[in-house]
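> got a predicted structure plus its sequence, pasted below:
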2 protein chains.
Amino acid sequence: MTVKRRPGRRPGSADTRGEILAAARKVFAEKGFDKATVRGIAREAAVDPALVHHYFDTKEGMFVAAMKLPFDPAELLPMLLDGPREQVGERLVRFVLTITSDAEARQPLLALIRSIMSNEQAGGMVREFLTNALLYRVAEGLGVPHLRMEAAFAQLFGVVMARYVIRMEPMASADIEDLVALLAPTIQRYLADGVS
Amino acid sequence: MTVKRRPGRRPGSADTRGEILAAARKVFAEKGFDKATVRGIAREAAVDPALVHHYFDTKEGMFVAAMKLPFDPAELLPMLLDGPREQVGERLVRFVLTITSDAEARQPLLALIRSIMSNEQAGGMVREFLTNALLYRVAEGLGVPHLRMEAAFAQLFGVVMARYVIRMEPMASADIEDLVALLAPTIQRYLADGVS
């Protein structure tokens, strides 16, 4: 999560992007996700807001890059909607298990989880991002109540914790497709059409 | 998690129990749950093993007391078996949500979760206790595969995390009975009779 600074900083180089991301991490941690602004992050990085927009389309995109998240939340809903509605649970389970099966992609997610546990401020930031930028949007896109989306999140979050943090067997070594078969009906039920 | 020591320790007083629990915390953390022994804990506390047995019937009971857990795992299976099998999911969900709704009972559970995240050794200890002393026994008592028991654990663990650590709404403020209605069918399916 640290940004290397070279002694002689060149304008418009990779360092500028790095400076913006370092500023973003600071502002997100201090203000939370909701209250952080592109303008405030630009001020912290001492660059023009237009330059921030040049590197990052949205605040969400900046958060994803700053936290090195292995996926863009903006891509999640289209992926879930791309296929039969009765297989949306299966698609979500397979997506989460596949992303987290990559040790390198998993590290920033585990770092974010650790920061929730140890730091009240980080908890607020992660909560705001998770709900407003991720879960509520997916819930609204699928037309399901927020509580049901959060129950689905809780199931998958718990599986990732059991598998990669607690590392309990047989969960830790279970085959992805066996877990998809076991978990997809749960997620499908939460995300089913026409529930309230 | 600290044990108060009085300057003048009286034999057989509450202090002896406290000394044993302090020794137990040290031995569990160093050896893990599986390899810790009543004899080793007695040696660490410099008391006779018979005295340890006088205070604590089992290693599990000592772990529960040392970690100040709000329930005894030995009581979980009889509670789950006490009633119609088709309501076992509902009983487990209500039990977990009721225990964790008490802020004081919740603290040692959250402390244990924090220790998993921050400390590799503590992770091993918690993993061994959770699987060997809790989940596997309940799974065997109910006649369900370990993986299904762990899927149920993951759902409930995720809900407790979402509700009390991440504190995401509407999950954090949801009524217990609404959550029971939402989650019990999931747990019931995992713990259903005659699955493999």
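Perfect, I can see it now. Numbering: from 1, shown residues only, chains lettered A, B, ... in the order given.

> surely A:Leu76 is in contact with A:Leu135?
No. At 9.8 Å, A:Leu76 and A:Leu135 do not qualify as touching, with contact defined as CB atoms under 8 Å. Placement of C-beta: from N, CA and C, glycine included.

> check contacts around A:Met125.
Applying CB atoms under 8 Å, 6 or more residues apart in numbering or on different chains, we find A:Met125 in contact with A:28-29, A:32-33.

> so which of those residues is the most crowded?
Among the contacts of A:Met125, A:Phe28 has the most neighbours (other CB atoms under 10 Å in any protein chain shown), with 26 neighbours.

> work out for me the element that residue sits within.
Assigned by DSSP states H and E, A:Phe28 belongs to helix A:14-35.

> tell me the helices and strands packed up against that helix.
In terms of contacts (3 or more CB pairs under 8 Å, 6 or more residues apart in numbering or on different chains; DSSP states H and E), helix A:14-35 is packed against helix A:38-45, helix A:49-55, helix A:59-66, helix A:120-128.

> need the winner for burial among these.
By mean neighbour count, with neighbours taken as mean count of other CB atoms under 10 Å in any protein chain shown, helix A:59-66 ranks first of the helices and strands packed on helix A:14-35 at a mean of 20.

> next SSE after that one?
Once helix A:59-66 ends, the next helix or strand along the chain (criterion: DSSP H and E) is helix A:73-81.

> tell me how far that following helix is from the chain's mean position?
Computed by CA atoms, centre = their mean, to the nearest Å, the chain-centroid distance of helix A:73-81 equals 12 Å.

> related to what we said a few turns ago, tell me which residues of the helix holding A:Phe28 are tucked away?
A:15-29, A:31-33 (16 or more other CB atoms under 10 Å in any protein chain shown).

> quick check: residues of chain A near chain B?
A:113-114, A:116-118, A:123, A:126-127, A:130-131, A:135, A:146-148, A:150-151, A:153-159, A:161-162, A:165-171, A:174, A:178, A:182-183, A:185-186, A:189-190 (CB under 8 Å from any CB of the partner chain).

> return the members of these classed as buried.
Among the residues of chain A next to chain B, those buried by neighbour count (16+ other CB under 10 Å) are A:113, A:116-117, A:123, A:126-127, A:130-131, A:135, A:146-148, A:150-151, A:153-159, A:161-162, A:165-168, A:171, A:174, A:182-183, A:186, A:189-190.

> so in chain A, where's the weakest helix or strand by average pLDDT?
One helix or strand of chain A scores below all others by mean pLDDT, DSSP states H and E: helix A:120-128, with a mean of 84.

> domain map for chain A?
A:14-66, A:73-190 (automatic domain parsing).

> distance from the chain centre to the shortest one, please.
Right, domain A:14-66. Taking mean C-alpha positions (CA atoms, centre = their mean), domain A:14-66 and its chain are 16 Å apart.

> kindly report the same for the last one.
Between the centre of domain A:73-190 and the centre of its host chain there is 9 Å, according to CA atoms, centre = their mean.

> same deal with stretch A:177-194?
In terms of CA atoms, centre = their mean, the centre of stretch A:177-194 is found 20 Å from the chain centre.

> I'm done for today, thanks for sticking with me.
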